[in-house]
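Engineer: turn this into a model:
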Amino acid sequence: MEIVTGIMALYLVTLMAGRKKAPIFGQMTLTSELALEYLKSGMDGFARRATKILWLTPLEAQSLGYAVPSWVVENYEKYEWSAIIIDERVDVLPLFVYQKSALALLEAELARLEADGATISQDNPRQMTIDLGETALHVRFWRNPKGGKFAKYYLDLTEQKDKA
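Structural biologist: Predicted coordinates for the structure are as follows:
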């Protein structure tokens with residue numbers, strides 16, 4: 001009996017040690033909302049190794065606990081849809097995309113992925129989830145730095161099967 005109990009205890013310790021714990025600091029805002037990094041102008045652009053993409057309304061993102069910018073929520077008619085790109089690394093903030101030019105590029109690529117067999121679920125009329133499974137999708141948005149404040153976005157996508 002003692003041997004069985006010892007083996008069970010060793011098994012539980014091994015199981016718990018192998019589990020990756022999601023970080024607490026850096027992932028929440030001061031108001032206990034899930035933190036997001038917003039797509040904005042930058043010289044290097046914004047890149048993620050996406051394993052999941054949420055295509056949803058900004059109000060739905062807010063109801064899920066994400067810290068959606070107030071100017072997006074207040075201008076709901078202008079920002080009807082948005083996307084949250086979730087990185088495979090738990091220490092990287094999800095990327096919030098709300099700009100129409102960037103969303104149009106992403107939507108075209110998601111349609112291609114759907115045609116290629118990506119798993120897409122309609123969670124409700126205001127949210128769809130694109131699960132990329134084991135294949136991380138390297139997503140990079142960028143702008144021409146000489147294009148000014150309203151320069152259009154460009155999108156680079158590459159599939160990466162190994163999670164190195």
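Engineer: helices of the chain, start to end?
Structural biologist: Counting by DSSP state H, the chain has helices at residues 2-18, 58-63, 70-74, 100-115.
Engineer: quick one: low-confidence ranges for this structure?
Structural biologist: Residues of the chain that meet the criterion pLDDT under 70 lie in 1-32, 41-43, 160-164.
Engineer: what segments of it are strands?
Structural biologist: Per DSSP state E, the chain carries strands over the ranges 37-38, 46-56, 82-87, 95-97, 119-124, 127-131, 136-143, 153-160.
Engineer: and these: which comes nearest R112?
Structural biologist: strand 153-160 (9.0 Å; CB to CB). Where C-beta positions appear, they are placed from N, C-alpha and C, glycine not excepted.
Engineer: quick check: angle from that closest one to strand 136-143?
Structural biologist: For strand 153-160 against strand 136-143, the angle by axes from the mean of the first three to the mean of the last three CA atoms, to 10 degrees is 160 degrees.
Engineer: roughly how far out does strand 153-160 sit from the chain middle?
Structural biologist: 14 Å (CA atoms, centre = their mean, to the nearest Å).
Engineer: what does that strand rub up against?
Structural biologist: 39, 49, 99, 101-102, 105-106, 109, 135-144 (CB atoms under 8 Å, 6 or more residues apart in numbering).
Engineer: if any of the residues you listed are buried, put those into a PyMOL selection.
Structural biologist: Selecting only the buried entries of the contacts of strand 153-160 in PyMOL, with 16 or more other CB atoms under 10 Å as the criterion:
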select buried, resi 39+49+99+102+105+106+136+137+139+141+142+143
